[in-house]
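Participant: for reference, the sequence and a predicted model appear below.
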Amino acid sequence: MDTQRVLEAIQKERTKQIGKWGDQKHSHGKWLLILQEELGEVSKVILEGVGFENNPHLVEEMVQAAAVIVAWIEDYTRPIDPQIEAELRQLYGGMDK
Ligand SMILES: [Mg+2]
């Protein structure tokens, strides 16, 4: 798969995750646990598929893990609520994000 197809697969998986779980907001610790669970599934497929090249199930699990990282980045870089930002600005003046 070339980069474009990989990114499209991750985008498709993100859409599926949003449909299943909605907009997720978690602590770093929770995100890390979710990612580790997905990586565990990657490991399981590798262990079960020794010697089997181009395993579509492995690609599927890798894409799921990548999509979790994308979700984590989205959550972490989420713009601050404008009302909270206004209140913080009122309390503390201009703030860098
Ligand atoms: Mg998985």
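Facilitator: Received the coordinates, thanks.
Participant: who in this structure is up against the ion?
Facilitator: E38, E41, E61, Q64 (C-beta under 5 Å from the ion). Placement of C-beta: from N, CA and C, glycine included.
Participant: apply 8 Å and report the result again.
Facilitator: Counting by C-beta under 8 Å from the ion, the chain comes close to the ion at E37, E38, E41, V42, E60, E61, Q64, A65.
Participant: give me the buried subset of these.
Facilitator: By neighbour count, with 16 or more other C-beta atoms under 10 Å, the residues of the chain next to the ion hold E38, E41, V42, E61, Q64, A65 as buried.
Participant: picking that back up, how about the residues of the chain next to the ion, which pair is most distant?
Facilitator: E37 and E60 (14.9 Å; C-beta to C-beta).
Participant: what sits against the nearest residue to I46 once chain neighbours are set aside?
Facilitator: Among residues not flanking I46 along the chain, L58 sits closest, at 6.5 Å (C-beta to C-beta, 6 or more residues apart in numbering). By C-beta atoms under 8 Å, 6 or more residues apart in numbering, the contact list for L58 reads V42, V45, I46, G49.
Participant: measure the third one to E53 for me?
Facilitator: Looking back up the chat, that one is I46. Distance, I46 to E53, by C-beta to C-beta, to the nearest Å: 12 Å.
Participant: more crowded one of those two?
Facilitator: Higher neighbour count among I46 and E53: I46, with 14 against 6, using other C-beta atoms under 10 Å.
Participant: let me see the contact set for the residue nearest in space to the middle of the chain.
Facilitator: The residue lying closest to the centre of the chain (C-alpha atoms, centre = their mean) is V68, at 2.3 Å. By C-beta under 8 Å, 6+ apart, V68 lies in contact with Q17, W31, I34, L35, E38.
Participant: residue ranges with poor pLDDT in this structure?
Facilitator: For the chain, the stretches with pLDDT under 70 are 51, 94-97.
Participant: now with 50?
Facilitator: Along the chain, segments meeting pLDDT under 50 span 97.
Participant: and the helices in the protein, which stretches?
Facilitator: 3-21, 28-48, 56-76, 82-92 (DSSP state H).
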